[in-house]
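Asker: fold the following for me, if possible:
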Amino acid sequence: MTRRVENAIILTGADAALLYQAANLRSLRVASRGKSDKLYALLTDITHAAFTYANSVDGRSGGKRAELDESGSTEIVTVEQIARRAGITPRAIRNHIGLGLLKATKASRTWVITPEAAEQYIAGRSTA
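Answerer: Next comes the predicted model:
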């Protein structure tokens, strides 16, 4: 059941999965990459919620376990997601990519970061 809160909406995993399929969010998310960071982050969050639900006991679907990006990797992490976790700005993350402190590849106008590279970067920052 979807909940409405003042100026916000809370989606359950089941609702996110339904929205993901009905609205073809994969193609919309890919199309928004590099054009609108806010829209891309929102669609990525809905996608994660949908796949988490699909892989849960209640949402067991027998379908694919995770969305594949264009490189065939199972998941990507955005610059904005890492910035939030690290407590710094997205610009600082892009600077760290340029300095080689965070391993990433550029696909069109978007940085593609693997979850492993993100974890290594976050762990390195917390020990420094």
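
Asker: show me where pLDDT drops low in the protein?
Answerer: 1-5, 55-74, 108, 127-128 (pLDDT under 70).

Asker: and the helices in it?
Answerer: 13-22, 25-32, 37-54, 79-86, 90-99, 115-127 (DSSP state H).

Asker: got those as TSV, with mean neighbour count and distance to Arg109 columns?
Answerer: C-beta coordinates here come from the backbone N, C-alpha and C atoms, glycine included. TSV is the format used below for the helices of the chain (neighbours: other C-beta atoms under 10 Å; distance: least, C-beta to C-beta, whole Å):
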stretch	mean neighbour count	distance to Arg109
helix 13-22	17	24
helix 25-32	16	11
helix 37-54	18	11
helix 79-86	18	11
helix 90-99	15	11
helix 115-127	14	19
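
Asker: in TSV: those, plus distance to Ala107.
Answerer: Rendered in TSV, the data for the helices of the chain read as follows (distance: least, C-beta to C-beta, whole Å):
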stretch	distance to Ala107
helix 13-22	21
helix 25-32	10
helix 37-54	12
helix 79-86	12
helix 90-99	13
helix 115-127	14
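
Asker: what are the phi and psi angles of Gly100?
Answerer: As for Gly100, its main-chain torsions (degrees, to the nearest 10) stand at phi 90, psi 10.
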